[in-house]
Structures are given as structure tokens and as C-alpha cells.
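**Q** Quick one, fold the following:
(2 chains)
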Amino acid sequence: DVKVTQSSRYLVKRTGEKVFLECVQDMDHENMFWYRQDPGLGLRLIYFSYDVKMKEKGDIPEGYSVSREKKERFSLILESASTNQTSMYLCASSPSRQGRSNLYEQYFGPGTRLTVT
Amino acid sequence: DQQVKQNSPSLSVQEGRISILNCDYTNSMFDYFLWYKKYPAEGPTFLISISSIKDKNEDGRFTVFLNKSAKHLSLHIVPSQPGDSAVYFCAARIVNSGYALNFGKGTSLLVTP
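**A** The predicted structure is shown next:
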């Protein structure tokens, strides 16, 4: 079974702090994604990566950066946390070639509920 | 601008009856559509998908219908069960755009006993 793990389920940070959210997948997937989920707004794509050292901006990259130094790990960084970044953060991964999974199917981690005070 | 729209924020259905969740899209370049289910405090899980070259895909109690001319897809759950109560997200992929998906805002389904 594909497993996507996120470093924390709940996190409370202060305004201005630098925040690291870690995501690890164990299925050798090439593609990894970071989303945030907010009530009434659904899932919005922040950043994604199709390969090590590669990153692409999603729909809402402002205030965030990412790092992908190893294939299995994709980190989301909030350079200076602000209260409007309080949200549920979801990491996902997917393969580049259709194997046992459906093409384009993304596997999600359990999410990190981040509160910035 | 939201390209995948789920206009009903919530839906309530009695156990045993059919649940129909709807999704409209604006971009004719979408070539693949997926439905995800999400329980509170968990990540979304894949439910069913359909390619734009098909108009129906079935998997057990779940069927997805695609009407390309109307840019509309729907998820049918028959029969509905209380364990189906969750938020359902519609997602779509733009042809030749890689692996990123566009998600709708979600519809919260409540199945009552």
C-alpha cells in the first residue's frame, strides 16, 4: 500500500516564525504536491515537483517555498508565517507511469493542521 | 478562476437511496476526471476516475457519468450508506499539462439512517 506521511498532525506557530512541513512517500513516486484546504475553498495547489531538485508553482505559491532534495521527501516552507496561513496542509504523491494505480491518481497524506497565532 | 465547480456545498440523502453529486467544468482541455472522498482529519482518498473518451465508469456502488457537451460530470452512489458521509471532491487534469489536478470546492454528503 502507498503510504504518504506528514511530520505533524497538528502544529501551532507564532506569526513571523519559519515553519517546515515535511512529507515522505514510500512508493518511489516521481511526483509530489502540496495543497492547502480551507472551508469553502476546497483544495488549492501550492507547489509541486516532478523530480528531485525540481519545483513548479501552483495556484497559490505566495508566502511559501519548497525543497525536494530526495525523491521520497518534499518539504513545504513558510518563510515567515502569517495568520492567513492557518489552514490544513495536505501532501500528495503520484507516479509518472501507470502501474497498479490509476493514471493521475494522487495519494494523500493525513494532513497537518497548522495554526498561526 | 475556479475551473472545476461543485455548486452544491452539501447534500443529505437517506440510507439506501441514491446519492448524486454533481460537478461542472469550464475548461474543454480537461481529459481526465477523478473523484475523491475525504473524512474529517484525514487526507482525501481516491474513489473513481473517468477518461474524457468515455461517458461512464462503474466500480461497485459508484458510477461516474461524463457529459462532455454539457461539461458536466456526476457521481452516483447506489445504495447510499452512512459510511459514505464525507466530503467529495471532483478533480480534473488538463491534457498535456503533466500530473497536476484542479480540484473543486467539495460537496459534503450526509447519509442518514
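**Q** quick one: which helix or strand includes the residue of chain B found nearest chain A?
**A** Among the residues of chain B, residue B:43 lies nearest to chain A; the distance is 3.2 Å by CB to the nearest CB. Bear in mind the C-beta positions are built from the backbone N, C-alpha and C, glycine included. Assessed by DSSP states H and E, residue B:43 sits outside every helix and strand.
**Q** Tally up the residues packed near the residue lying closest to it once chain neighbours are set aside, please.
**A** What sits nearest to residue B:43 in space, not counting adjacent residues and going by CB to CB, 6 or more residues apart in numbering or on different chains, is residue A:108, at 3.2 Å. By other CB atoms under 10 Å in any protein chain shown, the residues close to residue A:108 number 23.
**Q** Give me every residue in chain A lying close to chain B.
**A** A:4, A:9, A:31, A:33, A:35, A:40-45, A:48, A:50, A:56, A:58, A:90, A:92, A:94, A:96, A:102-111, A:113 (CB under 8 Å from any CB of the partner chain).
**Q** Where does the prediction get shaky in chain A?
**A** Applying pLDDT under 70 to chain A picks out residues A:1-2, A:98-102.
**Q** Just the closest residue of chain A to chain B, please.
**A** For chain A, CB to the nearest CB, closest residue to chain B: residue A:108, 3.2 Å.
**Q** Going by neighbour count, list what's buried in the helix or strand harbouring residue B:23.
**A** Residue B:23 belongs to strand B:19-25 when assigned by DSSP H and E. For strand B:19-25, burial by neighbour count (16 or more other CB atoms under 10 Å in any protein chain shown) applies to B:19-25.
**Q** do stretch B:30-44 as well
**A** The neighbour-count check on stretch B:30-44 (16+ other CB under 10 Å) flags B:30, B:32-38, B:43-44 as buried.
**Q** and the residues you listed as a markdown table, adding pLDDT and secondary structure?
**A** Shown next, in a markdown table, are the buried residues of stretch B:30-44 (pLDDT from 0 to 100; DSSP: H, G, I helix; E, B strand; the rest coil):
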| residue | pLDDT | secondary structure |
| --- | --- | --- |
| B:30 | 93 | strand |
| B:32 | 93 | strand |
| B:33 | 96 | strand |
| B:34 | 96 | strand |
| B:35 | 97 | strand |
| B:36 | 97 | strand |
| B:37 | 97 | strand |
| B:38 | 95 | strand |
| B:43 | 93 | coil |
| B:44 | 94 | coil |
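**Q** tell me the two of the residues you listed that are most distant?
**A** B:30 and B:43 (23.0 Å; CB to CB).
**Q** Give me every residue in chain B lying close to chain A.
**A** So far as CB under 8 Å from any CB goes, chain B lies against chain A at B:6, B:9, B:32, B:34, B:36, B:41-46, B:49, B:89, B:91, B:93, B:98-106.
**Q** For ChimeraX, write the selection for the buried entries among those.
**A** Buried members of the residues of chain B next to chain A, defined by 16+ other CB under 10 Å, are picked up in ChimeraX with:
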select /B:6,32,34,36,43,44,46,49,89,91,93,99,100,101,102,103,104,105,106
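**Q** Surely residue A:117 touches residue A:16?
**A** No. Between residue A:117 and residue A:16 there is no contact under CB atoms under 8 Å: 10.8 Å.
**Q** Let me see the ranges of the strands in chain B.
**A** Applying DSSP state E to chain B gives strands spanning B:4-5, B:10-14, B:19-25, B:30-38, B:45-51, B:56-59, B:62-67, B:72-77, B:86-94, B:102-103, B:107-112.
**Q** other SSEs contacting the last one?
**A** Secondary structure elements in contact with strand B:107-112, counted by 3 or more CB pairs under 8 Å, 6 or more residues apart in numbering or on different chains; DSSP states H and E, are strand B:10-14, strand B:19-25, strand B:86-94.
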